[in-house]
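>>> 3D, please:
(2 chains)
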Protein chains: 2
Amino acid sequence: MNTNVVLPPEVPDCPAILSDRFKTLRYEAETAEVVILNRRLYPFETVYERYRTVEEVAIAIEEMIVQGGPPLAYAAGLGMVLAAREAETADATSETKLRQAAERLLDTRPTADDLHHIIPKALVTGLKAQPGQRAEAILSYVNGEIQRGNDVSRLCGWHASHLLQDGDRILTHCIAGAALCWMLWYALQDGKRVQVIASETRPYFQGARLTAQSCVEMGIDCTLITDGMSAHLMSLGRIDKFICAADRITMDGHITNKVGTLQHAIAAHHFGLPFYVLGYDGPDPDSATAADIVIEERDPREVFFARGKEGRVQTAVSGINALYPAFDITPPHLIEAIITDKGIFPPTLIHTYHATQQP
Amino acid sequence: MNTNVVLPPEVPDCPAILSDRFKTLRYEAETAEVVILNRRLYPFETVYERYRTVEEVAIAIEEMIVQGGPPLAYAAGLGMVLAAREAETADATSETKLRQAAERLLDTRPTADDLHHIIPKALVTGLKAQPGQRAEAILSYVNGEIQRGNDVSRLCGWHASHLLQDGDRILTHCIAGAALCWMLWYALQDGKRVQVIASETRPYFQGARLTAQSCVEMGIDCTLITDGMSAHLMSLGRIDKFICAADRITMDGHITNKVGTLQHAIAAHHFGLPFYVLGYDGPDPDSATAADIVIEERDPREVFFARGKEGRVQTAVSGINALYPAFDITPPHLIEAIITDKGIFPPTLIHTYHATQQP
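Numbers count the residues shown, from 1 in each chain, chains lettered A, B, ... in the order given. Predicted structure coming up:
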């Protein structure tokens, strides 16, 4: 954990809601509820869901009410606060309940590493605290993580902004996470005009909804394409760079991100365009290589439908099968650089991140 | 034009409606109407639209009520029958009206070459015929073309079926045209079990609707994926071949097909998988190379919506732009072979097609 984050230059606050995790999730002490922006509805509807139990939070994560590696991990962390409150007694069951809650939350989604770092630490924090003060201890830890995540995102985005040039047309895939928002925002503050080309990201349309909305909030030109159009635009010289986040980075430089990323990365490589990965706080020390990443298989029936502003429509015939791997893995030779809060790393040297001091 | 088509072995009729163009469009003499299966609704609804004027047919083509290179060209040809009926007088205006109709129909869609071959020939056929017999002459020509197209598709599919192996998992994109249906059907008759992996093909979901439905009709295992998943499945060794049709083939071996094809082709190349193109009756003699292909740009707002069984939903936020190039171009070095009614050609030798006798 990088505890001495040096913040980048002060600029006006980034107006994209997704640039600040506190704007999308929090623990509300008065009601003892976890409050989460519903990312399946946003921005068509701005609904903050309220959860009172660990199980409710776990289901919200599974159903992708909250999505994205760090945000869903923070939501789970706040779920541990609820667990600690539920188990706030001095007897042995308290510890058992906290352990069970941690297991339940860890079980929600296998691929992103943040969840698997934050929950064990939240559990230890809770167990170490005095009975009666566990919820408070966990909340303090998780809020610290959210603040650290915000700072890391901003630093990562600031470093990445230096890779952008005036006039760049930047392909991105899935959600514009906090680092992507900050990257664009810093570039804008530097007087660079950039255009985001957002692939819509089927089946949930995170690109069409969340990334596009973040661009609207920041006043950045956004052009939507379907997930199959990137290579064509590259062939016409209409894309300059491919930049997206990662749900997990291995020590040898593989990255996993929303399914579709690999296809864009292969196309970028084919056309000689750089693929930059926003790597936040670096690789997962527990993931040596791609074999250590579990790719979540979601309910394949989701591929039969499209959910939009007005509800859901069936877009496929009946009597067929489907597949919905949520993520794919891109190998290091397709990646130009991984940008972190500590600066820019060639993918095969990303293992040096943890020994690197922030510049 | 290949006039001496030798038909492949007799097998039970292919049950896929899309394998026989007469099942999806025809001229109905009693009502003097062109009748076209609505491919934007099918198979959720089986609606045969009826058109009485050239303008109505032109709009149906523009709105993709009929889609696919050959089918839309046949529909336009039948539109010329309507034009000849409208202009069935002996005076000079008759010829002018026929020419105007041809121009209007040619103007509907720029990319596929079939339209641009059939309409000029239908016009000449009409002009050569005696006044009073023009509609009949054009109808006879167009019906002959549809029959020839059916035969070509069957032959092309038969040749392609020899490239399939038992157990093959075949990625395809956009509509399973007649040749793809016949390829799968012949493979099935040969006792080969194959699986189709259909990419859904945003924004119109031709893969999820038309290809999937053809597989259901033929009893072939179909697995639906989103347009961004093919590379991931290839990386896992879960795809053996990529096979699709082409809207136009150039003399030097470039192919144009529904946007998304290039991305799958690049991914297949990256993973060492063959990309076979179903080339029907060969390259367009008027298209020397890729620069001769005009890529149609459709209304970008289509990318903001998804149309399904229950209607249409808005899937993107407002305040952004979009792009909707209908096709992309894949160069010959990404193509393993082009399969035609005259057999199998390496892409850079496809120019020899026209001098080749059917084996």
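>>> In terms of secondary structure, what does the one helix or strand A:Leu171 maps to contact?
Secondary structure from DSSP states H and E places A:Leu171 in strand A:169-173. Judged by 3 or more Cβ pairs under 8 Å, 6 or more residues apart in numbering or on different chains; DSSP states H and E, strand A:169-173 is in contact with strand A:195-199, strand A:241-245, helix A:261-270. Backbone N, C-alpha and C define where each C-beta goes, glycine included.
>>> closest to chain B out of the ones you listed?
Chain B sits nearest to helix A:261-270 of all those, at 4.0 Å, using Cβ to the nearest Cβ.
>>> rounded to a whole number, what's the mean pLDDT of that closest one?
Mean pLDDT, helix A:261-270: 98.
>>> follow-up on the earlier one: nearest to B:Arg248, of the helices and strands packed on strand A:169-173?
helix A:261-270 (21.7 Å; Cβ to Cβ).
>>> Could you check the angle the closest one makes with strand A:241-245?
Helix A:261-270 and strand A:241-245 are oriented at 150 degrees to each other (axes from the mean of the first three to the mean of the last three Cα atoms, to 10 degrees).
>>> Contacts (any at all) between chain B and helix A:261-270?
Yes: Helix A:261-270 reaches chain B (Cβ under 8 Å from any Cβ of the partner chain) through A:262-264, A:266-267, A:269-270.
>>> Only C-alpha atoms, please: export that helix in PDB.
C-alpha atoms of helix A:261-270 as PDB (Å, rounded to 0.1, in the frame of the first residue of the first chain):
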ATOM      1  CA  THR A 261     -10.600  -5.200 -24.500                       C
ATOM      2  CA  LEU A 262      -8.400  -7.900 -26.000                       C
ATOM      3  CA  GLN A 263     -10.100  -7.400 -29.400                       C
ATOM      4  CA  HIS A 264      -9.400  -3.700 -29.300                       C
ATOM      5  CA  ALA A 265      -5.800  -4.300 -28.100                       C
ATOM      6  CA  ILE A 266      -5.100  -6.800 -31.000                       C
ATOM      7  CA  ALA A 267      -6.500  -4.400 -33.500                       C
ATOM      8  CA  ALA A 268      -4.400  -1.500 -32.100                       C
ATOM      9  CA  HIS A 269      -1.300  -3.700 -32.300                       C
ATOM     10  CA  HIS A 270      -2.200  -4.600 -35.800                       C
END
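>>> which residues sit against that helix?
Applying Cβ atoms under 8 Å, 6 or more residues apart in numbering or on different chains, the external contacts of helix A:261-270 come out as A:171, A:173-174, A:199, A:227, A:230-231, A:234, A:239, A:242, A:244, A:255, A:274-275, A:327-330, A:333-335, B:228-232, B:235, B:262-263, B:266-267, B:269-270.
>>> Buried ones from those residues, can you make that a PyMOL selection?
The following PyMOL line selects those of those that are buried, judged by 16 or more other Cβ atoms under 10 Å in any protein chain shown:
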select buried, (chain A and resi 171+173+174+199+227+230+231+234+239+242+244+255+275+327+328+329+330+334+335) or (chain B and resi 228+229+230+231+232+235+262+263+266+267+269+270)
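>>> just curious, which of the residues of helix A:261-270 next to chain B is nearest to A:Pro15?
Checking the residues of helix A:261-270 next to chain B against A:Pro15 with Cβ to Cβ, the nearest one is A:His264 at 26.9 Å.
>>> Not counting sequence-adjacent ones, nearest residue to that closest one?
A:Ser230 (5.0 Å; Cβ to Cβ, 6 or more residues apart in numbering or on different chains).
>>> List the contacts of the most centrally placed residue in chain A.
Residue closest to the average C-alpha location in chain A (Cα atoms, centre = their mean): A:Gly68, at 2.9 Å. Residues near A:Gly68 by Cβ under 8 Å, 6+ apart: A:39, A:112, A:175, A:177, A:245.
>>> contacts with chain B among those residues, please.
Within these, nothing lies near chain B by Cβ under 8 Å from any Cβ.
>>> Now, these that are in strands?
Within the contacts of A:Gly68, residues falling in strands by DSSP state E are A:Ala245.
>>> Most neighbours among the contacts of A:Gly68, which one is it?
A:Gly177 (31 neighbours; other Cβ atoms under 10 Å in any protein chain shown).
>>> Over to the residue of the stretch 1-150 of chain A found nearest chain B: give its phi and psi.
Proximity of the stretch 1-150 of chain A to chain B (Cβ to the nearest Cβ) peaks at A:Pro43, 5.5 Å away. A:Pro43 adopts backbone torsions of phi -100, psi 10, taken as degrees, to the nearest 10.
>>> For it, grab the count of nearby residues.
A:Pro43: 18 neighbours (other Cβ under 10 Å).
>>> separation between it and A:Phe205?
11 Å (Cβ to Cβ, to the nearest Å).
>>> overlap in contacts of these two?
Residues within reach of A:Pro43 and of A:Phe205 at once, by Cβ under 8 Å, 6+ apart: there are none.
>>> Which one of the helices and strands packed on strand A:169-173 lies nearest to A:Ile118?
Nearest to A:Ile118 among those is strand A:241-245; the distance by Cβ to Cβ comes to 17.0 Å.
>>> who does that closest one touch, helix- and strand-wise?
strand A:169-173, helix A:178-189, strand A:255-258, helix A:261-270, strand A:275-278.
>>> most neighbours per residue, which of the ones you listed?
Mean neighbours per residue, mean count of other Cβ atoms under 10 Å in any protein chain shown, is largest over the helices and strands packed on strand A:241-245 for strand A:255-258, with a mean of 28.
>>> and the gap between A:Ala246 and B:Tyr276?
34 Å.
>>> where do the helices sit along the stretch 1-150 of chain A?
Using DSSP state H, counting those that start in this stretch, the helices of the stretch 1-150 of chain A run over A:54-62, A:69-86, A:92-106, A:114-128, A:134-161.
>>> residues of the last one that come out buried?
The neighbour-count check on helix A:134-161 (16+ other Cβ under 10 Å) flags A:134-139, A:141-143, A:145-146, A:148-161 as buried.
>>> go on, the fourth one?
Going by neighbour count (16+ other Cβ under 10 Å), the buried part of helix A:114-128 is A:114-119, A:121-123, A:125-127.
>>> now for the helices and strands packed on strand A:241-245, which one comes closest to B:Glu30?
Of all the helices and strands packed on strand A:241-245, helix A:261-270 comes closest under Cβ to Cβ, at 50.3 Å.
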